[in-house]
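Student: I would like the atomic coordinates for the input below:
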Amino acid sequence: MAASTALAPDTPAHTVDAFHRGRFWLVQPRQGHRAGMDAMMLAAAVPSGFSGRLADFGAGAGAAALAMLSRCPAAHAVLVERSAEMAAFAAATLAHPGNAHLGGRASVLKADVTLAGKARAEAGLADNSFDFVIMNPPFNAAEDRATPDALRREAHVTEDGLFERWIRSAAAVVKPRGGLAAIVRPEQLVAILDAIEGRFGDAEMLCVHPRPDAAAIRIIVRAVLGARGKLSIRPPLTLHGPSGNGPTERTEMINNGLASLFGD
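Tutor: Here you go, the predicted structure:
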C-alpha cells in the first residue's frame, strides 16, 4: 500500500491498489464502494482500438476509466462523479505517481449525470462532446438491501427512473454513432433496454456467469447512438471453471486489460 498526498488529511481510511498487473493504481475508500471485476468488465466493453473521448458516468474512484485508458493508449477519459468524496478519490487516483503515464489523458468532473438540458451543459456535460459513454448505475432499489454506509449506499441504491435519466444524458452527450456500454444486474435488463429504445441501436448483450452451471449475475449491454440494428446476444463470459476455484483464462485476460469483452 502506498500513501497519497492528493487527499485531505481528514479523508476516510483508504487503500492504494494495483490493477492490470500494476499498469495503473486506484486510490479508494477502505469502507464503502470498492472497485473490482465489474469495473474491469465495463472497461473491456470498449473496443481495443478506441481512440476518442470517453465519459465514465458514476466513475467512483476511476477504475473503469483508467482500465480503458490502460488498454486503449490513444483514448481520453472524463471521470464524471456526483459524490464530492468519491470525486476526491478519483482526483487522488489521477495524481498517484503510478498513473503519471495516464493522467494527461484523464480528468475528473464533479457533476450529476441525471441533470437535463441547460443544467447538464452548465455542469460540464455538453451535448455531442463524447465518443463513448460507459456506466455502472446503482444496482439496488431503495427498499432492497439498502446499506447504512453512505458511500456504498450512494453507489448501489437506485432511484426511481434513474436508468431513463442516465441513458437520456448519455444520448445527449455522445456524438452521432457514438457508443454506450452499461453493466447491470439481470433484473434490470428490461429497464436498460427500455431506456435505450429509440436512442441507441445495434445493441449487443453479454451475460456473465460465475460458473458454467450457474445463472448470470451481470449483463453488459453495448449499443450505438442512432443505429437501427436489432439486439444480438453474444457468447457469455464465465468467470470460473466448474469447480469455481480459479478464474478462467478469458476472465484473467479481461481482468488484466489484455482482451476486450466483445472481441474487438
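Student: quick one: pLDDT of the closest residue to residue 52 other than its chain neighbours?
Tutor: In space, and not counting its chain neighbours, residue 52 is closest to residue 131: 2.9 Å by Cβ to Cβ, 6 or more residues apart in numbering. Heads up, the C-betas are built off the backbone N, CA and C, glycines and all. Each residue has a pLDDT score; the one for residue 131 is 98.
Student: go ahead and confirm residue 131 touches residue 55.
Tutor: No - using Cβ atoms under 8 Å as the test, residue 131 is too far from residue 55 to be in contact (9.1 Å).
Student: what helices or strands is whatever helix or strand the residue nearest to residue 52 lives in leaning on?
Tutor: Secondary structure assignment for residue 131, by DSSP states H and E: strand 130-135. Packing partners of strand 130-135 (3 or more Cβ pairs under 8 Å, 6 or more residues apart in numbering; DSSP states H and E): helix 37-44, strand 53-57, helix 63-71, helix 162-173, strand 174-184.
Student: those: which one's closest to residue 27?
Tutor: Closest approach to residue 27 among the helices and strands packed on strand 130-135 (Cβ to Cβ): helix 63-71, 10.4 Å.
Student: returning to what we had before: partner strands of the strand holding residue 131 and their direction?
Tutor: Looking at strand 130-135 with DSSP bridges, its partner strands are strand 53-57 (parallel), strand 174-184 (parallel).
Student: now those as TSV including mean pLDDT and distance to residue 98?
Tutor: Output for these, formatted as TSV (pLDDT from 0 to 100; distance: least, Cβ to Cβ, whole Å):
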stretch	mean pLDDT	distance to residue 98
strand 53-57	98	19
strand 174-184	97	25
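Student: any weak-confidence spans in the stretch 101-250 of the chain?
Tutor: Scanning the stretch 101-250 of the chain for pLDDT under 70 picks out 139-160.
Student: can you do 80?
Tutor: Scanning the stretch 101-250 of the chain for pLDDT under 80 picks out the ranges 103, 139-160, 243-245.
Student: can you give me the helices in the stretch 1-150 of the chain?
Tutor: All helices of the stretch 1-150 of the chain, identified by DSSP state H, counting those that start in this stretch, fall at 37-44, 63-71, 84-95, 100-103, 117-122, 150-156.
Student: and those, which is most packed in?
Tutor: Across the helices of the stretch 1-150 of the chain, the average number of neighbours (mean count of other Cβ atoms under 10 Å) peaks for helix 63-71, which reaches a mean of 28.
Student: how far does that helix sit from the chain's center?
Tutor: 9 Å (Cα atoms, centre = their mean, to the nearest Å).
Student: can you check what angle separates it from strand 53-57?
Tutor: With axes from the mean of the first three to the mean of the last three Cα atoms, to 10 degrees applied, the angle from helix 63-71 to strand 53-57 works out at 160 degrees.
Student: which other helices and strands does helix 63-71 contact?
Tutor: In this structure, helix 63-71 packs against strand 14-19, strand 24-29, helix 37-44, strand 53-57, strand 76-81, helix 100-103, strand 106-110, strand 130-135, with contacts taken as 3+ Cβ pairs under 8 Å, 6+ apart.
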